[in-house]
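Trainee: Based on what follows, work out the 3D shape:
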Amino acid sequence: MKKTLYPWERAVRFDHGVLVGELGPGRHRVPWRAVLRHVDIRPRTMSPAAQDVPTADGVLVRVTVVVRWAVSSPTAFVVESASPEDELYTAVQLALRGAVVTRAHSAVDPERQVIAAEVLAAVAARAAELGISVSDVAVRDVVMPGELRRAALVELVAAAEGRAALERARGETAALRSLLNAARLAEEHPALLEIRALQTASTVVVDRPARRR
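Mentor: All right, here's what the predicted structure looks like:
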């Protein structure tokens with residue numbers, strides 16, 4: 001019989017239950033007794049469910065990651081495990097837990113990239129055994145408990161109010177400094193007050209007479 005494989009496909013061939021080898025893209029003539037296990041080698045994305053992980057200081061933090069992977073060895077992918085994707089999923093979750101549990105809750109979000117790199121390094125060996133190559137891991141979400149989120153909001157509001165109060169104090173200080181300088185200038189040069197009085201007295205407002213009818 002004839003079998004056609006597309007560029008993104010590989011097939012692992014078994015004859016009477018015995019592993020024979022892999023078939024690449026193209027049209028192949030295989031015996032009727034042969035069994036082909038098709039494998040898609042295109043890159044794909046895995047998004048494990050969010051998990052609540054206790055941090056080093058006892059805070060439960062909800063973290064999610066995104067994993068980019070592809071089949072690197074179709075034979076290992078078929079032979080080494082009945083559910084290679086499930087095993088990769090479990091390995092990623094355990095690695096993520098191991099990376100988060102050693103950190104304080106305040107360090108989890110700022111160290112997203114470091115955590116992602118640790119997860120990638122932790123799963124690489126097991127993934128290779130399963131015939132999988134993990135190309136990238138990214139920490140997508142870090143969600144703190146509601147109490148901490150509310151406390152952070154209060155802190156932000158307090159900081160904003162403090163900055164506003166500081167600006168008001170600076171403005172009042174500048175106004176007082178200006179008045180003090182004016183008072184010193186008047187004290188040192190009394191004639192300036194007389195000149196200012198003359199300027200005020202010489203200001204005349206002239207109203208235009210009403211037009212007679």
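Trainee: Tell me if I'm right that Gln93 and Pro48 touch.
Mentor: Yes - the pair Gln93 / Pro48 is scored as a contact, 5.5 Å apart, by C-beta atoms under 8 Å. Any C-beta I mention is one placed from the backbone N, CA and C, and that applies to glycine too.
Trainee: what about the helices in this structure?
Mentor: Counting by DSSP state H, the chain has helices at residues 74-79, 84-100, 105-108, 112-129, 146-188, 191-201.
Trainee: dump the residue contacts of the residue most central in space within the chain.
Mentor: In the chain, the centroid-proximal residue (C-alpha atoms, centre = their mean) is Arg140; its distance is 5.5 Å. By C-beta atoms under 8 Å, 6 or more residues apart in numbering, the contact set of Arg140 is 47, 64-66.
Trainee: Spatially, which residue comes closest to Val53, not counting chain neighbours?
Mentor: Counting by C-beta to C-beta, 6 or more residues apart in numbering, Val53 lies nearest to Val100, which is 4.2 Å off, once chain neighbours are set aside.
Trainee: residues in contact with that neighbour?
Mentor: Going by C-beta under 8 Å, 6+ apart, Val100 touches 53, 55, 61, 63, 108, 115.
Trainee: What's the per-residue pLDDT of it here?
Mentor: Per-residue pLDDT puts Val100 at 95.
Trainee: Arg62 too?
Mentor: For Arg62, pLDDT reads 90.
Trainee: now the one 3 residues further on
Mentor: Among the per-residue scores, Val65 shows a pLDDT of 96.
Trainee: now it, which residues is it bridged with?
Mentor: Beta-bridge partners for Val65, by DSSP bridges, are Val139.
Trainee: and Leu60, how far is that from Arg140?
Mentor: Distance of Leu60 to Arg140, given as C-beta to C-beta, to the nearest Å: 18 Å.
Trainee: what about stretch 170-182, average pLDDT?
Mentor: Mean predicted lDDT for stretch 170-182 stands at 73.
Trainee: Buried ones in that stretch, by neighbour count?
Mentor: Buried residues in stretch 170-182, defined by neighbour count with 16 or more other C-beta atoms under 10 Å: none.
Trainee: same deal with stretch 38-47?
Mentor: Those would be 39, 41, for stretch 38-47 by 16+ other C-beta under 10 Å.
Trainee: so how far is it from its chain's centroid?
Mentor: Distance of stretch 38-47 from the chain centroid (C-alpha atoms, centre = their mean, to the nearest Å) equals 24 Å.
Trainee: Fine by me, thanks again.
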